[in-house]
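Enquirer: I would like the atomic coordinates for the input below:
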Amino acid sequence: MTGVTGPVGAAERGQTRIADRVVAKIAAQAAKEAVDERPKDADAPRATVTVHRDTARVRVTLDLAYPCDIGRQCGAVRRRVGERVKALAGMEVPEVAVQVERLHRSGAGNAPEVTTR
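Expert: Okay, here's the model as predicted:
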């Protein structure tokens, strides 16, 4: 039996591969954390990811409460997703596309009710 007597070279250590679906789950959770107010009847954010080496391109689909500053919310989602994927998966995220699927009216007293007869 031969023992290892020194540091193992990079080529001999192997590498860790993180599955795309794991990165997508990280991105979806980060998007959920980034949104200020999530509507009660909203679907959970969903993410699709394309990974190439140590780079991930992410597309997030989510629902937002309305009225809100949609641009600010989407910017917060982009930043949070990029930070969390980098921290947890060790991947660069040059692109996070945010698609707002639906806007949900928030609060009952924000806008007057319109009735038709």
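Enquirer: which other residues reach the host helix or strand of V23?
Expert: Element membership of V23 [criterion: DSSP states H and E] is helix 20-34. Outside of helix 20-34, the residues within contact range by CB atoms under 8 Å, 6 or more residues apart in numbering are 38, 44-51, 56, 58, 60, 62, 73, 76-77, 79-81, 83-85, 88-89, 91, 96, 98. For glycine as for every other residue, the C-beta is placed from the backbone atoms N, C-alpha and C.
Enquirer: Next, the buried residues of that helix.
Expert: Of all the residues in helix 20-34, those buried under the rule 16 or more other CB atoms under 10 Å are 23-24, 26-32, 34.
Enquirer: Drop anything exposed from the contacts of helix 20-34.
Expert: Among the contacts of helix 20-34, those classed as buried by neighbour count (16+ other CB under 10 Å) are 38, 45, 47-49, 51, 56, 58, 60, 62, 73, 76-77, 80-81, 84-85, 88-89, 91, 96, 98.
Enquirer: Return the subset of those lying in strands.
Expert: Among the buried ones among the contacts of helix 20-34, the ones falling in strands (DSSP state E) are 47-49, 51, 56, 58, 60, 62, 96, 98.
Enquirer: Taking those together, which two end up most distant?
Expert: With distances taken as CB to CB, the most widely separated pair in these is V51 and L62, at 20.8 Å.
Enquirer: now the longest helix seen in the chain: mean pLDDT?
Expert: The residue-count maximum for a helix in the chain (DSSP state H) belongs to helix 70-89. Along helix 70-89, the predicted local confidence has a mean pLDDT of 96.
Enquirer: ditto for stretch 101-113
Expert: 68.
Enquirer: Same check on stretch 36-43?
Expert: Across stretch 36-43, the average pLDDT comes to 85.
Enquirer: Please identify the buried residues of that stretch?
Expert: Across stretch 36-43, burial judged by 16+ other CB under 10 Å covers 38-39, 42.
Enquirer: Just the closest of those residues to G14, please.
Expert: Distance ranking of those against G14, using CB to CB, places R38 first at 40.3 Å.
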